[in-house]
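Novice: Curious how this folds, go ahead:
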Amino acid sequence: MPSRGVSVLVVDDDERVLRLLQRILELEGYRVFTAGSGEAALNMFEQLNPDLVLLDIMMPGMDGLTVCQRIREFSDRPIIMVTAKGNDEEKVRGLDAGADDYVTKPFSAAVLVARIKAVLRRANLLVERPERVFRCGDLVIDPARRLVTVGGVEVRLTATEYALLSYLALNAGRLLTPDQILEKVWGDDYLGETHLLQVNIARLRRKLGDNARNAKYIVTRPGIGYMMLSETQAVLPLGSK
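Specialist: This next block holds a predicted model:
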């Protein structure tokens, strides 16, 4: 999507980093707001409702993980976590808190901008998705209203979770490899980042009330990939052909 007019809230306790990120994003055409603490970030988010949040994890006082969790209580706006640690544990903590993506310091301007564009693309659902209402047991996906319900109760999903669920539903009954899903939902730059997919699948299952060991909607084939059950498969007794 075009960056012109898109607003980004950048949160970091380092003033030099804030100025640098603001400059990078403004050159790309984004409207940039900055906050130097978690508390200030929450206040600004509620006032401005930005299109995306770029959020540092390591901050004194209220850290980025807490800010992310608080935002997720009332908003599904895209959030990218910024971490100084490159290990998978730190990345998973950010994703578990509700983030859509992450970047690891140090990063180039090109990498940062690419990640932002990828997240905004998913937020605007520029991925293949069902054209008609999809049903799988108690799960209903209505693409016209961007509405997901389980047992008639609405399930709030982030943009990434919705894009992931839509792509699985589009291919219901078909086994998809991790790289197939990553390429379609996240993009070419994410091939091989299986932990990113695993965390999002787990988060999606929790929200849908699904269970990997006795799946109602999303089946895992260890070492192979994932499959959304079709409506017929969902109602068949266990072991039926």
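Novice: so who does Val179 touch?
Specialist: Val isn't right for residue 179; it's Asp. When contacts are counted by C-beta atoms under 8 Å, 6 or more residues apart in numbering, Asp179 is found next to Leu191, Gly192. For glycine as for every other residue, the C-beta is placed from the backbone atoms N, C-alpha and C.
Novice: looking at this, it is in a strand?
Specialist: No - according to DSSP: H, G, I helix; E, B strand; the rest coil, Asp179 belongs to no strand; its state is helix.
Novice: now the helices for this structure?
Specialist: Here the chain has its helices, by DSSP state H, at 15-27, 38-48, 64-72, 88-96, 109-123, 159-170, 178-181, 194-208, 231-235.
Novice: Which one of those helices lies nearest to Leu9?
Specialist: Among these, the nearest to Leu9 by C-beta to C-beta is helix 38-48 (6.0 Å).
Novice: Can you give me the buried ones in that closest one?
Specialist: Gly38, Ala40, Ala41, Leu42, Met44, Phe45 (16 or more other C-beta atoms under 10 Å).
Novice: Hmm, the last one is touching Leu9, no?
Specialist: This points to Phe45. Yes - applying C-beta atoms under 8 Å as the test, Phe45 and Leu9 come out as touching, 6.1 Å apart.
Novice: got any residues that touch both of those two?
Specialist: Counting by C-beta under 8 Å, 6+ apart, the common neighbours of Phe45 and Leu9 are Val53.
Novice: Low-confidence bits of the chain, can you list those?
Specialist: When residues are selected by pLDDT under 70, those of the chain lie in 1-4, 85-87, 125-131, 232-241.
Novice: returning to what we had before: okay if I get the helices of the chain as CSV plus distance to Tyr217?
Specialist: CSV is the format used below for the helices of the chain (distance: least, C-beta to C-beta, whole Å):
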stretch, distance to Tyr217
helix 15-27, 37
helix 38-48, 32
helix 64-72, 22
helix 88-96, 20
helix 109-123, 20
helix 159-170, 8
helix 178-181, 15
helix 194-208, 6
helix 231-235, 7
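Novice: just these: most buried one?
Specialist: helix 159-170 (a mean of 23; mean count of other C-beta atoms under 10 Å).
Novice: What lies in contact with that helix?
Specialist: 76, 78, 100-101, 119, 122-125, 127-130, 134, 136, 141, 143, 146, 148, 157, 176, 181, 184-185, 200-201, 203-204, 207, 218, 226-228.
Novice: Just the buried ones from the residues you listed, in ChimeraX syntax?
Specialist: One line in ChimeraX is enough to select the buried members of the contacts of helix 159-170, burial here meaning 16+ other C-beta under 10 Å:
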select :76,78,100,101,119,122,123,127,129,130,134,136,141,143,148,157,176,181,184,185,200,201,203,204,218,226,227,228
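Novice: Run a quick neighbour tally on Phe74.
Specialist: 10 (other C-beta atoms under 10 Å).
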